[in-house]
Structure formats: structure tokens, C-alpha cells
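J.: build me a model from this:
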Amino acid sequence: MRRLVLYIFFTCLLTNRTNAQYVQLVENRGEIGVFQGVASFRGDIAPGVYNPQQTYGAFYKKLVNDYIGFRFNYEKITLQANDNLSSNGYAIYRGLSFERVSHDASVMMELYFLKFIDGYKDYRFAPYLSFGVGAWKSISGKLIDNRTNKPLIANTIRTLTYPINLGLKYNVIGPFNVFGEATYRFTNSDQIDYFDDNELQNGLQPSASGRDQYFSLKIGLSYNLKKTWGPDKQYNEKQKTIFGMDESDDKASSKKGFLSLFKRK
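T.: Below you'll find the model as predicted:
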């Protein structure tokens with residue numbers, strides 16, 4: 001019985017040591033991903049009404065360590081609001097609607113609450129928080145009087161944004177992950193909906209909501225960029241010929257393979 005207990009103890013010890021070594025051999029260097037979702041606007045037109053529109057984009061992330069990274073994010077976002085969808089009688093009487101199609105680019109610092117390593121069951125799930133600064137630019141859009149269905153204004157603007165992003169990531173298989181995110185953006189502009197707090201439209205004032213804001217909900221797929229530090233690769237006979245490896249000890253032979261021509265000297 002004593003021998004059995006000792007055997008189980010040392011087996012568990014060696015297993016834990018092997019797992020720890022495996023974790024140390026994997027270095028996360030970054031991530032790339034794509035996503036799609038919906039975005040909703042909060043401003044002067046139809047205040048309090050959420051009118052979700054399409055958004056999609058991509059990102060590149062550079063990790064500093066297991067818990068901190070810098071993310072470069074791009075989204076193409078459609079923002080829309082319509083007074084006719086409001087339950088507020090004042091907004092309905094005002095009768096305005098707008099739409100903007102826009103580019104949104106940002107740089108964010110991303111903080112992980114848990115260590116994340118793909119392929120390892122104890123580290124395959126991680127919540128994260130991001131925040132930073134961005135630039136928003138409209139590429140098309142118009143303000144419409146709902147009573148006449150005629151455009152009142154059609155222009156493009158630019159503004160700074162301040163995104164806050166909360167996400168959850170789960171490793172599915174190999175280096176591939178699925179994730180979900182909620183992003184809220186504060187802006188430096190009160191004219192995304194063409195309607196400033198200090199001006200009148202159809203003889204009526206806006207809602208005095210301050211600077212415009214918008215948020216988005218997204219799901220996506222990402223790919224981990226990593227480096228694994230471990231045993232040398234085992235080459236088969238065909239690979240040895242292509243890479244110029246010696247058949248006996250896997251060292252470079254005098255016969256150079258085709259791909260050896262591209263090796264850095």
C-alpha cells in the first residue's frame with residue numbers, strides 16, 4: 001500500500017512538472033482576427049431608441065506579455081436613428097432621421113484577467129478589457145425630414161473617439177479562438193447625427209444630450225500568433241531532401257536542398 005501511495009505521488013508530481021514545462025515553452029506573440037456585429041447610436045435624434053445597424057472589421061494585436069497587449073482595430077460602421085421610432089411625442093413631431101456609413105480606426109491597450117494559452121485546457125478561456133483612442137470618419141450619409149422625405153444635409157465629418165471594450169475569448173482548436181465583444185465609444189463631436197445642441201431643425205431644438213456616442217456588439221474568429229520553444233522537429237526523408245538535411249543525423253549536408261537557397265546567410 002505504501003508503495004502504491006508513493007507511486008501515485010511521484011506520478012502526479014512528474015505530470016505537473018511536465019505541464020508546467022509545456023506552459024513555459026509556448027510564447028504568445030500576438031493575434032489577428034475578424035468580426036461582425038451590430039452598432040447603435042446615442043445622440044439627439046430618437047434619444048433612448050436603439051436602432052442596430054451592421055458593423056464588421058478586423059484587428060491585429062501585439063502582446064507585451066501574457067496579460068498586456070496593444071490592439072490595432074478597424075471597423076466599418078453604419079449608424080442610424082429615426083425620430084419616428086421614438087415614443088417621445090416631441091421627437092415624433094420633429095420628424096428627423098439620419099444615416100452615416102463610416103470608418104473607425106483605433107489603438108487600444110488590452111488587459112487580460114487570466115493567462116491564455118491555446119491547446120491547454122487550464123488556459124483556454126480569458127476575459128479582457130481594452131481602452132484607447134481612435135479616429136472616426138463618415139464616408140456617406142444624410143439627414144432627412146421624414147415629413148417630406150427630402151435630405152436636409154449631406155456632408156462628411158471627422159472626430160476623435162475614446163473606445164472602451166469588454167470581451168470574452170475561448171480557444172476552440174489549435175490556434176483558433178471564438179470571441180464576443182461589447183464596445184462603447186465616446187466622441188468629440190455632437191454632429192454625427194447632423195444635429196448640434198445649439199441649432200434648430202424644423203424649428204425645434206435637439207435633446208441636449210451632449211456629445212454623440214455609439215456602441216457595438218460583435219462576435220468573431222481569431223488566430224493566435226505564437227512561438228513554441230521545444231524539441232527539434234523530426235523530418236521525414238522527403239523533407240530532408242528538400243531542406244538539405246543529412247539522412248543520418250539531421251544536420252545540413254553538403255548537398256543543398258532547393259529551399260536552402262533562400263536561407264539567410
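J.: next, give phi and psi for Ile92.
T.: Phi and psi for Ile92, reported as degrees, to the nearest 10, are phi -60, psi -40.
J.: could you do Asp122 as well?
T.: phi -80, psi -10.
J.: run a quick neighbour tally on it.
T.: 10 (other CB atoms under 10 Å). Every residue, glycine included, has its C-beta placed from N, CA and C.
J.: same deal with the one 5 residues further on?
T.: Look at Pro127: counted by other CB under 10 Å, it has 13 neighbours.
J.: and it, that one's in a strand?
T.: Yes - under DSSP: H, G, I helix; E, B strand; the rest coil, Pro127 falls within a strand.
J.: what bridges to it?
T.: In this structure, Pro127 bridges to Leu168 when assessed by DSSP bridges.
J.: that one contacts Leu111, correct?
T.: No - with contact defined as CB atoms under 8 Å, Pro127 does not reach Leu111; the gap is 9.7 Å.
J.: what helix or strand is Pro151 located in?
T.: Following DSSP states H and E, one finds Pro151 within strand 150-153.
J.: partner strands of that strand and their direction?
T.: Checking strand 150-153 against DSSP bridges gives partners strand 125-145 (antiparallel).
J.: please state the offset of the partner strand from the chain centre?
T.: 12 Å (CA atoms, centre = their mean, to the nearest Å).
J.: and it, what's buried?
T.: 126, 128, 130, 132, 134, 136, 138, 141, 143-144 (16 or more other CB atoms under 10 Å).
J.: quick one: contacts for Gln53?
T.: 38-40, 77-80 (CB atoms under 8 Å, 6 or more residues apart in numbering).
J.: now do 10 Å
T.: 38-41, 77-81, 99-101, 214, 216 (CB atoms under 10 Å, 6 or more residues apart in numbering).
J.: would you turn the buried residues of strand 125-145 into TSV with distance to Tyr184 and pLDDT?
T.: Conversion of those to TSV gives the following (distance: CB to CB, whole Å; pLDDT from 0 to 100):
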residue	distance to Tyr184	pLDDT
Ala126	20	92
Tyr128	15	97
Ser130	11	97
Gly132	12	98
Gly134	12	98
Trp136	13	97
Ser138	19	95
Gly141	21	93
Leu143	24	91
Ile144	27	92
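J.: now distance to Gly180 too, for these, in JSON lines please.
T.: Converted to JSON lines, the buried residues of strand 125-145 look like this (distance: CB to CB, whole Å):
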{"residue": "Ala126", "distance to Gly180": "12"}
{"residue": "Tyr128", "distance to Gly180": "11"}
{"residue": "Ser130", "distance to Gly180": "13"}
{"residue": "Gly132", "distance to Gly180": "19"}
{"residue": "Gly134", "distance to Gly180": "20"}
{"residue": "Trp136", "distance to Gly180": "23"}
{"residue": "Ser138", "distance to Gly180": "27"}
{"residue": "Gly141", "distance to Gly180": "28"}
{"residue": "Leu143", "distance to Gly180": "33"}
{"residue": "Ile144", "distance to Gly180": "33"}
